[in-house]
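Colleague: What follows is a protein structure lacking sequence information:
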Ligand SMILES: [Zn+2]
(Lines give C-alpha, C1' and ligand atoms only; values in the text may rest on other atoms or scores of the structure.)
Protein backbone atom coordinates (compact mmCIF):
# COMPACT_ATOMS: atom_id res chain seq x y z
CA UNK A 1 0.00 0.00 0.00
CA UNK A 2 1.27 3.46 -0.88
CA UNK A 3 0.53 5.97 1.84
CA UNK A 4 -0.04 9.59 0.89
CA UNK A 5 2.95 11.85 1.49
CA UNK A 6 2.69 14.49 4.20
CA UNK A 7 2.35 18.06 2.96
CA UNK A 8 5.35 20.05 4.14
CA UNK A 9 4.47 23.57 5.15
CA UNK A 10 5.72 26.03 7.73
CA UNK A 11 2.85 28.45 7.39
CA UNK A 12 2.71 29.19 11.13
CA UNK A 13 6.48 29.40 11.66
CA UNK A 14 6.99 33.12 12.14
CA UNK A 15 10.78 32.92 12.57
CA UNK A 16 11.02 31.06 9.27
CA UNK A 17 8.72 33.61 7.61
CA UNK A 18 10.98 36.47 8.70
CA UNK A 19 14.09 34.55 7.57
CA UNK A 20 12.52 34.34 4.13
CA UNK A 21 11.81 38.08 4.15
CA UNK A 22 15.39 38.84 5.27
CA UNK A 23 16.76 36.65 2.49
CA UNK A 24 14.62 38.25 -0.21
CA UNK A 25 14.87 41.92 0.70
CA UNK A 26 18.32 42.55 -0.78
CA UNK A 27 17.84 40.78 -4.12
CA UNK A 28 14.36 42.30 -4.42
CA UNK A 29 15.73 45.77 -3.58
CA UNK A 30 13.44 46.11 -0.59
CA UNK A 31 14.13 47.45 2.87
CA UNK A 32 12.85 45.75 6.01
CA UNK A 33 12.49 47.85 9.15
CA UNK A 34 11.24 47.01 12.61
CA UNK A 35 7.79 48.45 13.18
CA UNK A 36 6.99 47.28 16.66
CA UNK A 37 8.15 44.83 19.31
CA UNK A 38 5.31 42.58 20.48
CA UNK A 39 6.58 40.42 23.34
CA UNK A 40 9.57 38.53 21.99
CA UNK A 41 8.63 38.98 18.33
CA UNK A 42 9.33 41.93 16.08
CA UNK A 43 6.72 43.15 13.63
CA UNK A 44 8.22 44.41 10.39
CA UNK A 45 7.48 46.79 7.59
CA UNK A 46 8.99 46.33 4.11
CA UNK A 47 9.36 49.17 1.62
CA UNK A 48 10.77 49.71 -1.85
CA UNK A 49 14.34 51.02 -2.06
CA UNK A 50 14.24 52.09 -5.68
CA UNK A 51 13.06 55.60 -6.53
CA UNK A 52 10.67 55.97 -9.45
CA UNK A 53 9.28 58.99 -11.23
CA UNK A 54 5.69 59.59 -10.13
CA UNK A 55 5.23 55.98 -9.01
CA UNK A 56 2.04 54.17 -8.19
CA UNK A 57 1.89 53.47 -4.48
CA UNK A 58 0.60 50.18 -3.18
CA UNK A 59 0.00 49.01 0.38
CA UNK A 60 -0.33 45.31 1.18
CA UNK A 61 -0.68 43.73 4.60
CA UNK A 62 -1.15 40.22 5.89
CA UNK A 63 -1.40 38.29 9.10
CA UNK A 64 -3.43 40.54 11.36
CA UNK A 65 -5.51 37.39 11.91
CA UNK A 66 -3.10 34.55 12.66
CA UNK A 67 -5.52 31.77 11.74
CA UNK A 68 -5.48 32.92 8.11
CA UNK A 69 -2.04 31.69 7.03
CA UNK A 70 -2.52 31.76 3.24
CA UNK A 71 -2.27 35.55 3.53
CA UNK A 72 1.23 35.73 5.03
CA UNK A 73 2.41 32.83 2.87
CA UNK A 74 1.07 34.43 -0.32
CA UNK A 75 2.72 37.80 0.30
CA UNK A 76 6.22 36.37 0.82
CA UNK A 77 5.80 33.88 -2.04
CA UNK A 78 4.65 36.67 -4.37
CA UNK A 79 7.80 38.70 -3.60
CA UNK A 80 10.06 35.63 -3.88
CA UNK A 81 8.62 34.75 -7.29
CA UNK A 82 8.90 38.31 -8.55
CA UNK A 83 12.38 39.01 -7.24
CA UNK A 84 14.33 40.88 -9.90
CA UNK A 85 11.05 41.49 -11.64
CA UNK A 86 9.05 43.45 -9.09
CA UNK A 87 6.71 46.00 -10.65
CA UNK A 88 7.95 49.62 -10.83
CA UNK A 89 5.71 50.76 -8.02
CA UNK A 90 6.35 52.00 -4.51
CA UNK A 91 5.41 49.17 -2.20
CA UNK A 92 4.68 49.32 1.48
CA UNK A 93 4.27 45.81 2.84
CA UNK A 94 3.39 44.49 6.27
CA UNK A 95 4.39 40.80 6.16
CA UNK A 96 2.62 39.84 9.40
CA UNK A 97 0.88 42.25 11.75
CA UNK A 98 0.07 39.68 14.43
CA UNK A 99 2.97 37.22 14.88
CA UNK A 100 1.58 35.80 18.14
CA UNK A 101 -1.64 35.00 16.31
CA UNK A 102 0.20 33.32 13.44
CA UNK A 103 2.34 31.22 15.78
CA UNK A 104 -0.72 30.18 17.80
CA UNK A 105 -3.14 29.88 14.87
CA UNK A 106 -5.33 32.51 16.47
CA UNK A 107 -7.44 35.40 15.21
CA UNK A 108 -6.54 37.48 18.26
CA UNK A 109 -3.26 38.76 19.70
CA UNK A 110 -1.51 37.72 22.93
CA UNK A 111 -3.90 39.93 24.91
CA UNK A 112 -6.98 38.36 23.31
CA UNK A 113 -7.73 41.38 21.12
CA UNK A 114 -8.95 41.34 17.54
CA UNK A 115 -6.51 43.97 16.27
CA UNK A 116 -8.59 44.39 13.15
CA UNK A 117 -11.23 46.17 15.22
CA UNK A 118 -8.85 48.58 16.91
CA UNK A 119 -7.51 50.85 14.19
CA UNK A 120 -9.34 53.81 15.73
CA UNK A 121 -7.29 53.36 18.93
CA UNK A 122 -3.90 55.07 18.47
CA UNK A 123 -3.03 54.45 22.12
CA UNK A 124 -2.48 50.76 21.30
CA UNK A 125 1.28 50.50 20.61
CA UNK A 126 0.98 48.52 17.35
CA UNK A 127 -1.64 50.93 15.97
CA UNK A 128 0.50 53.88 17.03
CA UNK A 129 3.54 52.41 15.26
CA UNK A 130 1.51 51.59 12.16
CA UNK A 131 0.09 55.11 12.02
CA UNK A 132 3.48 56.75 12.35
CA UNK A 133 4.91 54.43 9.65
CA UNK A 134 2.26 55.41 7.11
CA UNK A 135 1.74 59.03 8.22
CA UNK A 136 1.68 61.42 5.28
CA UNK A 137 1.41 58.64 2.69
CA UNK A 138 -1.28 58.28 0.11
CA UNK A 139 -1.79 54.96 -1.67
CA UNK A 140 -3.39 54.36 -5.03
CA UNK A 141 -4.33 50.95 -3.79
CA UNK A 142 -4.40 49.12 -0.47
CA UNK A 143 -4.89 45.40 -0.06
CA UNK A 144 -5.48 43.56 3.16
CA UNK A 145 -5.18 39.79 2.80
CA UNK A 146 -7.51 37.62 4.85
CA UNK A 147 -9.20 34.25 5.06
CA UNK A 148 -12.59 33.09 6.26
CA UNK A 149 -13.40 29.64 7.66
CA UNK A 150 -17.03 29.98 6.59
CA UNK A 151 -16.18 30.89 3.02
CA UNK A 152 -17.24 28.56 0.23
CA UNK A 153 -14.83 30.14 -2.24
CA UNK A 154 -12.91 33.38 -2.68
CA UNK A 155 -14.59 36.75 -2.10
CA UNK A 156 -13.63 40.40 -2.04
CA UNK A 157 -14.60 43.42 0.05
CA UNK A 158 -14.31 46.65 -1.86
CA UNK A 159 -14.24 50.17 -0.50
CA UNK A 160 -13.07 52.90 -2.78
CA UNK A 161 -13.28 56.56 -3.58
CA UNK A 162 -12.24 56.01 -7.16
CA UNK A 163 -14.10 54.60 -10.12
CA UNK A 164 -14.11 52.36 -11.95
CA UNK A 165 -14.31 49.88 -9.12
CA UNK A 166 -11.84 47.02 -9.50
CA UNK A 167 -13.33 44.50 -7.09
CA UNK A 168 -14.83 42.37 -9.81
CA UNK A 169 -11.55 42.15 -11.72
CA UNK A 170 -9.68 41.21 -8.56
CA UNK A 171 -12.26 38.58 -7.68
CA UNK A 172 -12.18 36.99 -11.12
CA UNK A 173 -8.37 37.05 -11.16
CA UNK A 174 -8.22 35.38 -7.75
CA UNK A 175 -10.69 32.70 -8.82
CA UNK A 176 -9.32 32.24 -12.36
CA UNK A 177 -11.28 29.06 -12.85
CA UNK A 178 -9.09 27.38 -10.22
CA UNK A 179 -11.11 28.31 -7.14
CA UNK A 180 -14.86 28.92 -6.87
CA UNK A 181 -16.24 32.35 -6.17
CA UNK A 182 -18.10 32.26 -2.86
CA UNK A 183 -21.77 31.79 -3.86
CA UNK A 184 -23.33 32.72 -0.51
CA UNK A 185 -26.12 35.29 -0.68
CA UNK A 186 -25.16 36.58 2.72
CA UNK A 187 -21.51 36.79 3.77
CA UNK A 188 -20.92 37.66 7.42
CA UNK A 189 -23.45 40.49 7.82
CA UNK A 190 -23.23 41.69 4.22
CA UNK A 191 -25.24 41.02 1.10
CA UNK A 192 -22.90 40.81 -1.89
CA UNK A 193 -23.71 43.09 -4.84
CA UNK A 194 -22.66 40.19 -7.08
CA UNK A 195 -21.48 36.70 -6.14
CA UNK A 196 -18.35 37.06 -4.00
CA UNK A 197 -18.26 40.86 -4.17
CA UNK A 198 -19.11 43.02 -1.18
CA UNK A 199 -19.10 46.75 -1.80
CA UNK A 200 -19.04 48.72 1.37
CA UNK A 201 -20.35 52.24 1.52
CA UNK A 202 -18.43 53.76 4.35
CA UNK A 203 -19.36 56.83 6.31
CA UNK A 204 -17.25 58.42 9.00
CA UNK A 205 -18.34 57.10 12.39
CA UNK A 206 -20.22 54.02 11.19
CA UNK A 207 -17.71 51.68 12.81
CA UNK A 208 -17.72 53.52 16.12
CA UNK A 209 -19.51 50.67 17.90
CA UNK A 210 -17.74 47.67 16.35
CA UNK A 211 -14.29 49.26 16.08
CA UNK A 212 -12.37 50.18 12.97
CA UNK A 213 -10.86 47.49 10.75
CA UNK A 214 -7.54 48.22 9.04
CA UNK A 215 -9.25 48.46 5.63
CA UNK A 216 -11.65 51.13 6.86
CA UNK A 217 -8.86 53.27 8.33
CA UNK A 218 -6.95 52.89 5.07
CA UNK A 219 -10.02 53.91 3.11
CA UNK A 220 -10.85 56.92 5.26
CA UNK A 221 -7.34 58.31 5.55
CA UNK A 222 -4.77 56.78 3.26
CA UNK A 223 -5.96 55.03 0.13
CA UNK A 224 -7.94 55.71 -3.06
CA UNK A 225 -8.99 52.10 -3.41
CA UNK A 226 -9.03 49.49 -0.68
CA UNK A 227 -9.76 45.79 -1.04
CA UNK A 228 -9.84 42.86 1.30
CA UNK A 229 -9.20 39.50 -0.34
CA UNK A 230 -10.78 36.57 1.51
CA UNK A 231 -9.84 32.98 0.69
CA UNK A 232 -11.66 29.98 2.19
CA UNK A 233 -9.47 28.68 5.01
CA UNK A 234 -10.98 25.17 4.89
CA UNK A 235 -9.66 24.72 1.33
CA UNK A 236 -6.22 23.39 0.40
CA UNK A 237 -3.45 25.77 1.57
CA UNK A 238 -1.58 25.85 -1.73
CA UNK A 239 -4.75 26.66 -3.66
CA UNK A 240 -5.53 29.51 -1.27
CA UNK A 241 -2.01 30.89 -1.58
CA UNK A 242 -2.20 30.79 -5.38
CA UNK A 243 -5.56 32.58 -5.34
CA UNK A 244 -4.13 35.35 -3.16
CA UNK A 245 -1.11 35.65 -5.47
CA UNK A 246 -3.34 35.97 -8.53
CA UNK A 247 -5.21 38.79 -6.77
CA UNK A 248 -1.91 40.53 -5.98
CA UNK A 249 -0.75 40.30 -9.58
CA UNK A 250 -4.06 41.64 -10.86
CA UNK A 251 -4.06 44.49 -8.34
CA UNK A 252 -0.59 45.61 -9.42
CA UNK A 253 -1.51 45.34 -13.10
CA UNK A 254 -4.66 47.42 -12.63
CA UNK A 255 -2.73 50.06 -10.68
CA UNK A 256 0.04 50.28 -13.29
CA UNK A 257 -2.55 50.76 -16.03
CA UNK A 258 -4.71 53.17 -14.06
ZN1 LIG B 1 -9.27 38.00 8.77
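Modeller: Okay, I see it. Here the structure is a predicted model, which means the values were calculated and not measured.
Colleague: and the residue nearest to residue 97 when sequence neighbours are not counted, what is it in contact with?
Modeller: Nearest non-adjacent residue to residue 97, counting by CB to CB, 6 or more residues apart in numbering: residue 64, 4.2 Å away. Heads up, the C-betas are built off the backbone N, CA and C, glycines and all. Listed by CB atoms under 8 Å, 6 or more residues apart in numbering, the contact set of residue 64 reads 97, 98, 101, 115, 116, 144, 146, 214.
Colleague: In this structure the last one contacts residue 144, no?
Modeller: Yes. Under the criterion of CB atoms under 8 Å, residue 214 is in contact with residue 144, at a separation of 5.3 Å.
Colleague: what touches both of these two?
Modeller: With contacts defined as CB under 8 Å, 6+ apart, the residues shared by residue 214 and residue 144 are 61, 64.
Colleague: Distance-wise, check the residue nearest to residue 97 relative to the ion.
Modeller: Look at residue 64 and the ion: by CB to the ion, to the nearest Å, they are 7 Å apart.
Colleague: Please identify the helix or strand for that residue.
Modeller: Using DSSP states H and E, residue 64 sits within no helix or strand.
Colleague: Please enumerate the strands of the stretch 101-250 of the chain.
Modeller: For the stretch 101-250 of the chain, the strands defined by DSSP state E, counting those that start in this stretch occupy 139-148, 155-160, 197-199, 223-232.
Colleague: So what touches the third one?
Modeller: By CB under 8 Å, 6+ apart, the residues outside strand 197-199 that reach it are 155-159, 165, 167-168, 171, 187, 190-193.
Colleague: Show me which residues of the stretch 101-250 of the chain are close to the ion?
Modeller: residue 146 (CB under 5 Å from the ion).
Colleague: Which residue does the stretch 151-258 of the chain have closest to the ion?
Modeller: Residue nearest to the ion within the stretch 151-258 of the chain: residue 230 (7.3 Å; CB to the ion).
Colleague: does that residue really touch residue 158, like I thought?
Modeller: No. The pair residue 230 and residue 158 does not pass the contact test of CB under 8 Å, sitting 11.5 Å apart.
Colleague: which one of those two has more residues nearby?
Modeller: residue 230 (31 against 21; other CB atoms under 10 Å).
Colleague: mind listing what that one touches?
Modeller: 146, 147, 148, 151, 154, 155, 156, 157, 182.
Colleague: one more time with 10 Å
Modeller: Listed by CB atoms under 10 Å, 6 or more residues apart in numbering, the contact set of residue 230 reads 68, 71, 144-148, 150-151, 153-157, 171, 174, 182, 187-188, 196, 198, 240, 243-244, 247.
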